[in-house]
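**Q** generate coordinates for the sequence data below:
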Amino acid sequence: MLTVIVTAELEVDFVTWEARYLAHKPVREEAGIEDVFVGKVLNENKFLSVLTVPSVDVLNTFMEQNSKFMESVGHKVNTTNVVIAE
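**A** Model prediction:
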């Protein structure tokens, strides 16, 4: 498993985004992606999430297939930063 840290700016407040993100958890789990942590970046309208994924291919496919959903819940996709660790 790989560990992934994701940050991005939000178009909505964190509480609104988090509720939508958590509601989408079954879709992530079905893809083999597990949430480890999700939180608000201090003093910024950004989120930080830590995930585990089976592979980079799984992550890339998931993000491509769900980019419209991510935008619809207030995630500014073009501001996304991803760090992947073994």
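
**Q** what's the neighbour count on Thr79?
**A** Thr79 has 12 neighbours, counted by other C-beta atoms under 10 Å. In short, each C-beta sits where N, CA and C put it, glycine included.

**Q** typo on my end, Leu51
**A** 21.

**Q** so how far is Ser72 from Phe37?
**A** To Ser72, Phe37 is 23 Å away according to C-beta to C-beta, to the nearest Å.

**Q** for the worst-scoring helix or strand of the chain on mean pLDDT, packing partners?
**A** Every helix and strand in the chain was compared by mean pLDDT, DSSP states H and E; the lowest is helix 67-72, with a mean of 94. Helices and strands touching helix 67-72, by 3 or more C-beta pairs under 8 Å, 6 or more residues apart in numbering; DSSP states H and E: there are none.

**Q** any chance you could list what contacts it?
**A** For helix 67-72, contacts defined as C-beta atoms under 8 Å, 6 or more residues apart in numbering pick out His24, Met63, Val77.

**Q** how about 7 Å then?
**A** His24, Val77 (C-beta atoms under 7 Å, 6 or more residues apart in numbering).

**Q** how about the CA coordinates for it, as CSV?
**A** C-alpha atoms of helix 67-72 as CSV (Å, rounded to 0.1, in the frame of the first residue of the first chain):
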residue,chain,number,x,y,z
SER,A,67,-12.8,14.9,-11.1
LYS,A,68,-16.3,16.2,-11.9
PHE,A,69,-17.6,15.1,-8.5
MET,A,70,-14.6,16.7,-6.8
GLU,A,71,-15.3,20.0,-8.5
SER,A,72,-19.0,19.7,-7.7
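
**Q** burial of Arg20, as a residue count?
**A** Using other C-beta under 10 Å: Arg20 sits among 15 other residues.

**Q** and it, how far from Glu86?
**A** Distance check for Arg20 against Glu86: by C-beta to C-beta, it reads 30 Å.
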